[in-house]
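Enquirer: With the sequence up front, the predicted model follows.
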Amino acid sequence: LRSRIGAGVCCARRPSRPKLAMQRSGSLLRRLASRPSALPVLAHRRCSSGLTDQRELDLLRQVSRLETRVGELQAQLPDRVPPAKITNWDDLAFAIVPTNGHVRYTWSQKTEEWNGGQFIQDPYVNMHIHAGVLHYGMTLFEGCKAFRCKDGKIRVCNLPANSLRMNTGANRLVMPEVPKSMFLEAV
């Protein structure tokens with residue numbers, strides 16, 4: 001056993017055991033995460049008792065800086081607005097009720113998991129024209145195949161059939177039909 005004197009206290013140092021050192025380090029980091037102001041005192045104790053090295057001190061300083069940054073970011077967040085209380089249940093309508101935002105979750109094919117969600121204040125959703133929701137929701141979507149031929153002209157396959165198919169869908173969904181002239185003009 002070696003003796004070290006630090007901060008006026010005599011401490012005996014035992015040969016380090018990696019598992020014990022990791023437990024102590026984890027315990028210290030947990031304490032620091034909950035009380036970043038304790039960093040200087042705890043770091044001094046650990047350093048003076050020989051239970052740490054420069055790398056660990058650097059990590060402790062980094063934890064302290066990160067905790068400070070988290071506090072700064074939390075101070076910048078907008079105030080939470082509690083939802084309005086619904087008191088008149090008899091007058092609730094089946095209609096759109098404007099809100100101050102929505103939560104968006106995104107699926108990752110890479111991780112095969114949903115993300116944690118994000119509060120979005122923008123009422124609009126950017127969406128690719130071929131998104132499946134457009135094809136299976138209360139919408140109509142009719143795609144057309146177009147080709148540039150050897151003579152340089154662009155030809156579209158069977159537009160009258162596409163127009164008919166779109167209006168058949170409109171009838172099924174009890175939506176107004178799209179006039180054939182408007183359909184052809186759009187293409």
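Expert: That came through, no problem.

Enquirer: Please report the distance of Gln62 from Arg69.
Expert: Look at Gln62 and Arg69: by C-beta to C-beta, to the nearest Å, they are 10 Å apart. Glycine gets a C-beta too; all of them are placed from N, C-alpha and C.

Enquirer: got it, and Gln54?
Expert: Computed as C-beta to C-beta, the Gln54 to Arg69 distance reads 22 Å.

Enquirer: Now Met166: closest residue in space that isn't a chain neighbour?
Expert: Spatial nearest neighbour of Met166, excluding adjacent residues (C-beta to C-beta, 6 or more residues apart in numbering): Glu142 at 4.2 Å.

Enquirer: what's the pLDDT at that neighbour?
Expert: Each residue has a pLDDT score; the one for Glu142 is 75.

Enquirer: again with the one 10 residues further on
Expert: Taken from the predicted model, the pLDDT recorded for Gly152 is 83.

Enquirer: How about Gly169?
Expert: Note for Gly169: predicted pLDDT of 86.

Enquirer: Repeat that for Leu164.
Expert: Per the predicted model, pLDDT is 92 at Leu164.

Enquirer: what about Asp90, how many residues close to it?
Expert: By other C-beta atoms under 10 Å, 4 other residues sit near Asp90.

Enquirer: swap that for Leu184, sorry
Expert: As a burial measure, Leu184 scores 13 neighbours (other C-beta under 10 Å).

Enquirer: Find the nearest non-adjacent residue to Phe147, please.
Expert: Leaving aside its chain neighbours, Phe147 sits nearest to Arg155 (5.6 Å; criterion: C-beta to C-beta, 6+ apart).

Enquirer: now do Trp114
Expert: Leaving aside its sequence neighbours, Trp114 sits nearest to Tyr105 (C-beta to C-beta, 6+ apart; 4.9 Å).

Enquirer: What ranges does this structure have for its strands?
Expert: All strands of the chain, identified by DSSP state E, fall at 2-6, 9-13, 102-104, 107-108, 113-114, 118-120, 146-148, 154-156.

Enquirer: Show me the beta-bridge partners of His102.
Expert: Counting by DSSP bridges, His102 is bridged to Ile120.

Enquirer: measure it to Glu112 for me?
Expert: The gap separating His102 from Glu112 is 24 Å, by C-beta to C-beta.

Enquirer: So for those two, which residue has more residues nearby?
Expert: His102 (12 against 7).

Enquirer: Tell me if I'm right that that one and Gln118 touch.
Expert: No. The pair His102 / Gln118 is not scored as a contact, 9.7 Å apart, by C-beta atoms under 8 Å.

Enquirer: mind checking pLDDT for the residue nearest to Phe147?
Expert: Looking at Arg155, its pLDDT is 84.

Enquirer: Could you count how many residues lie near it?
Expert: Arg155: 11 neighbours (other C-beta under 10 Å).

Enquirer: Surely it and Val187 touch.
Expert: No. In this structure, Arg155 is not within contact of Val187 by C-beta under 8 Å, at 11.4 Å.
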